[in-house]
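1. Using only what follows, build the 3D model:
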Amino acid sequence: MSGRLAGRRVLITGGCGDIGRATALLCAREGAALVVAVDLREALAAHPFDDALGIACYACDVADQHAVAALFANVEQAHGLPNVVIANAGIVESAPALAVTAKIWRQTLDVNLNGAFYVAQEAARALVRQGRGGVLLFTGSWVGEVPSRQIMPYCVSKAGLQMLSRCLALELAPYGIRANVVAPGVLDAGVSAQIFRQFPERRAPFEALVPLGILGTADQVAEALAFLASDAAAYITGTTVVVDGGASLFQRGEGV
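-> Predicted structure coming up:
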């Protein structure tokens, strides 16, 4: 099958969320030899993929380092090692900074940052072992650089992803492994849509904040991830591609 990702084997965590699902579907359409969608068991049960697409689904809590190691062992045994790994799983809980509990802080960092580290390190070890190079991608956020009210742990976790990616890019370059971040802005999908459902009054101010005039989509983020996974991005590593319609140009930090 032809396509930008022909012959690649792609694994994406958070595969049943809006961005994860859009990315898995796009990778399959772009000719990936294998697409593995990883999510929590209940998410997989609620959002099955069409079997005709050949997308393999695995349950894993990325905050559990041992579960991540088992995931890669199981995928390798059943399909071979993926050479494109996208750490996309993420959670958010809205609370004022002074009301953030230790539980909220710990859970957010465990999934968004620690989980991404566990996945990336396990993937990198496998890629180095097979000696053919590969791609590590992370789903960040524009709030990794622009502070935002009510979601401090989420902002911190996404800022950490950018440095994690840059460190990996530097150390893994000799092995032919690239590492990059795609940082979505305010989307009508994923975390943003979740917050807009909880606080509908926040939608209009953010629509006004985006210079391009509309909220982004999961498909637009998937396109950026697919580009960075492809040969067209062969000379790009250690960078963050911001997909936000220009929202971060204002540096306002209004809070999503």
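
2. hey, let's count contacts and neighbours off CA atoms from now on
-> Noted.

3. those strands in the stretch 51-200 of the chain, which residues are they?
-> Using DSSP state E, counting those that start in this stretch, the strands found in the stretch 51-200 of the chain span residues 55-59, 84-87, 134-139, 177-184.

4. Mean pLDDT and mean neighbour count for those - can I get that in TSV?
-> Listed next are these as TSV, based on pLDDT from 0 to 100; neighbours: other Cα atoms under 10 Å:
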stretch	mean pLDDT	mean neighbour count
strand 55-59	96	19
strand 84-87	98	28
strand 134-139	98	27
strand 177-184	98	27
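
5. Distance to Ala78 for the ones you listed - can I get that in JSON lines?
-> Shown next, in JSON lines, are those (distance: least, Cα to Cα, whole Å):
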{"stretch": "strand 55-59", "distance to Ala78": "10"}
{"stretch": "strand 84-87", "distance to Ala78": "16"}
{"stretch": "strand 134-139", "distance to Ala78": "19"}
{"stretch": "strand 177-184", "distance to Ala78": "23"}
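
6. Gly245: which of the ones you listed is closest?
-> strand 177-184 (9.0 Å; Cα to Cα).

7. Tell me what angle the closest one forms with strand 134-139.
-> 20 degrees (axes from the mean of the first three to the mean of the last three Cα atoms, to 10 degrees).

8. so where's the longest helix in this protein?
-> Criterion DSSP state H: the longest helix present in the chain is helix 152-172.

9. what is the orientation angle of it with strand 134-139?
-> Per the same axes, to 10 degrees, the angle that helix 152-172 makes with strand 134-139 is 170 degrees.

10. From the contact counts, what lies against helix 152-172?
-> Contacts defined by 3 or more Cα pairs under 8 Å, 6 or more residues apart in numbering; DSSP states H and E place helix 152-172 against helix 102-109, helix 115-130, strand 134-139, strand 177-184.

11. Out of those, which is closest to Asn88?
-> Of all those, strand 134-139 comes closest under Cα to Cα, at 4.9 Å.

12. how many degrees apart are that closest one and helix 115-130 in direction?
-> 170 degrees.

13. From the contact counts, what lies against strand 134-139?
-> Using 3+ Cα pairs under 8 Å, 6+ apart: strand 134-139 touches strand 84-87, helix 115-130, helix 152-172, strand 177-184, helix 218-229.

14. CSV please, covering those and showing distance to Thr237.
-> Formatted as CSV, the helices and strands packed on strand 134-139 follow (distance: least, Cα to Cα, whole Å):
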stretch, distance to Thr237
strand 84-87, 14
helix 115-130, 14
helix 152-172, 6
strand 177-184, 5
helix 218-229, 9
